[in-house]
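Q: please work out how this folds:
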Amino acid sequence: MLSEQIYNEAEYALIGELLVKPSIYIDLACQLMPEDFAIAECREIYDACIMLTAKDKPIDALTVLREIGGDEQHYKIFMVDCRNAVASTANYREHIRLVLENSKRRKAVSMCRELLENLMYDNDMDVCRETASALLGTFDGLKRDTSITAADGFSEILSGLSQKKEYIGTGIRELDYFIKTRPGDFLGIGGRPSSGKTAFGLQMMLNMAKKHKCLFFSLETGKENIFERMMSNYSCADYKSIIAGGMTDEDIEKVKSTGDDFRSLNFSVIEAGGYTVEQVESLALQKRAEIVFIDYLQLLRTNNGKSLYEQTTNISKELHTMAQKHKI
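A: Coordinates of the predicted model:
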C-alpha cells in the first residue's frame, strides 16, 4: 500500500505539470474532478483551470491567481513550489492514476463508515443495500487510458474480419437481421398500453436464456402471471386455459412435455416493485447477469427529476451507464 505522502506528492506534481504544460489539461479533464484532489490548494487550482477553460481563457499562473482571488500570496508560493517540483512532464499520466486511485480510496473509506452506521442504527435494509452498491461503485471508473489511435482501431477491426461474430439473438430472425445486439447495449421496447410489450420481452428472454444468464425485473406483474405467460408461450398451450385452471390431462401432459427444456433455461424472475436502479444493478452483479429485462423502467423508484419525463430520462441514462460499465 502506498503512503499518504506519495499520493500528496502526486497531487503537487500534477498541478505543477499542468502549469508547466497546459496542453495536458484535456487528459486531466477526461479523468479527474476537483473533488478527486485531497489537498485543498490543488483542488482550488484545478477548479480554477476548469473555469478558465470554460471561459476560453489560457491556463497560466497569472490567470489562475486572478480566477481564484482571495489570498494571492499564499497561492503564488504554492504554485511556485509545485512548478519547482517538476523536473519533467513525462510522468503526468502516472500521477493522474495515483490521484484517481487515492480519490477512490478516500470515497471507499467514507462509504464504509456510512454503511457501518446504517447497519448499526438503521433498520431499513434497502438503505443498507443502496449504500453497499454505492460502495462497490467507488471502485469503478475510467481505465488508465481509454483512448485508441486510428492505427490501432483499424488493426483491431481488420484482425477480426475473417472471424464469424456472435451477437445476442432475440429468436426473431427478421429483427436479428437489422439489430445486432452486443453486451453493453441498452435497448428500449416501446408501445401503447396492452400492445404486447411484456409478452414480446418474455419471448426474447426465453430464447436468450438458452445461452445467457438473464434476469427479468417485473415491477408491475407478479411472478405467477409471468411464469404462466412463459409456459404458455414455450409449450404452445392456450394461455386462457392455463390461467383459468381445470385443464384436461391431455393439455397438462402437453405442458409437462416441455418441462425439461424449460427448467434448463438460465433465467430468474424478480418481483421488483419499488426498486431503484442501484438495487437492480446490485442484484444483477450479485447474480452475474449477462442480460437484464426491466418491465417497465418508468416504475423504477427515483428522486432524480421533477416530472415523469425527467425521471424517465434520468432512469434511462442510469441504466445505459450500468449496461456500458458492466457490459450487461
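
Q: can you pull out the strands in the stretch 101-250 of the chain?
A: Using DSSP state E, counting those that start in this stretch, the strands assigned to the stretch 101-250 of the chain run over residues 214-218.

Q: which stretches of it have low pLDDT?
A: 122-124, 126-127, 130-131, 133-147 (pLDDT under 70).

Q: burial measure for residue 38, as a count.
A: Residues near residue 38, counting by other CB atoms under 10 Å, number 16. Any C-beta I mention is one placed from the backbone N, CA and C, and that applies to glycine too.

Q: isn't it up against residue 105?
A: No: Residue 38 is not in contact with residue 105 according to CB atoms under 8 Å; the separation is 9.8 Å.

Q: any chance you could map the helices in the stretch 201-328 of the chain?
A: Taking DSSP state H, counting those that start in this stretch to define them, one finds helices in the stretch 201-328 of the chain at 223-235, 239-244, 249-256, 259-263, 277-286, 308-326.

Q: so which of those helices is the most packed in?
A: helix 277-286 (a mean of 20; mean count of other CB atoms under 10 Å).

Q: so which elements touch that one?
A: helix 125-137, strand 214-218, strand 291-295, helix 308-326 (3 or more CB pairs under 8 Å, 6 or more residues apart in numbering; DSSP states H and E).

Q: can you do 7 Å?
A: helix 125-137, strand 291-295, helix 308-326 (3 or more CB pairs under 7 Å, 6 or more residues apart in numbering; DSSP states H and E).

Q: could you list the residues in contact with the last one?
A: What that stands for is helix 308-326. 140, 184-186, 277, 281, 285, 297-298, 300, 302, 304-305, 328 (CB atoms under 7 Å, 6 or more residues apart in numbering).

Q: let's have those in CSV, adding distance to residue 313.
A: Formatted as CSV, these follow (distance: CB to CB, whole Å):
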residue, distance to residue 313
140, 22
184, 20
185, 18
186, 13
277, 13
281, 18
285, 24
297, 11
298, 11
300, 12
302, 10
304, 9
305, 7
328, 20
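
Q: any idea which of those the model trusts least?
A: For the contacts of helix 308-326, the weakest pLDDT value sits at residue 140, with 59.

Q: which SSE is residue 9 in?
A: helix 4-20 (DSSP states H and E).

Q: next, the buried residues of that helix.
A: 7-8, 10-19 (16 or more other CB atoms under 10 Å).

Q: could you do stretch 46-65 as well?
A: 46-50, 52, 59, 63-65.

Q: quick check on the contacts of helix 308-326: which are buried?
A: 185, 277, 281, 297, 300, 328.

Q: okay, those in CSV with distance to residue 125 next?
A: As requested, these are exported to CSV (distance: CB to CB, whole Å):
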residue, distance to residue 125
185, 32
277, 18
281, 17
297, 23
300, 18
328, 24
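
Q: show me which of these is closest to residue 179.
A: residue 185 (9.0 Å; CB to CB).

Q: apart from its neighbours in sequence, what residue is nearest that closest one?
A: Spatially, and ignoring its direct neighbours in sequence, residue 185 is nearest to residue 323 (6.5 Å; CB to CB, 6 or more residues apart in numbering).

Q: ok, the one you found to residue 60 distance?
A: 41 Å (CB to CB, to the nearest Å).

Q: quick revisit: and the furthest pair within the buried ones among the contacts of helix 308-326?
A: 185 and 300 (18.7 Å).

Q: tell me who's in contact with residue 70.
A: Residue 70 touches nothing, counting by CB under 7 Å, 6+ apart.

Q: tell me the pLDDT of it.
A: 76.

Q: please apply the same query to the one 5 residues further on.
A: Residue 75 carries a pLDDT score of 89 in this model.

Q: from memory it sits against residue 65, does it?
A: Yes: with contact defined as CB atoms under 7 Å, residue 75 and residue 65 form a contacting pair (6.0 Å).
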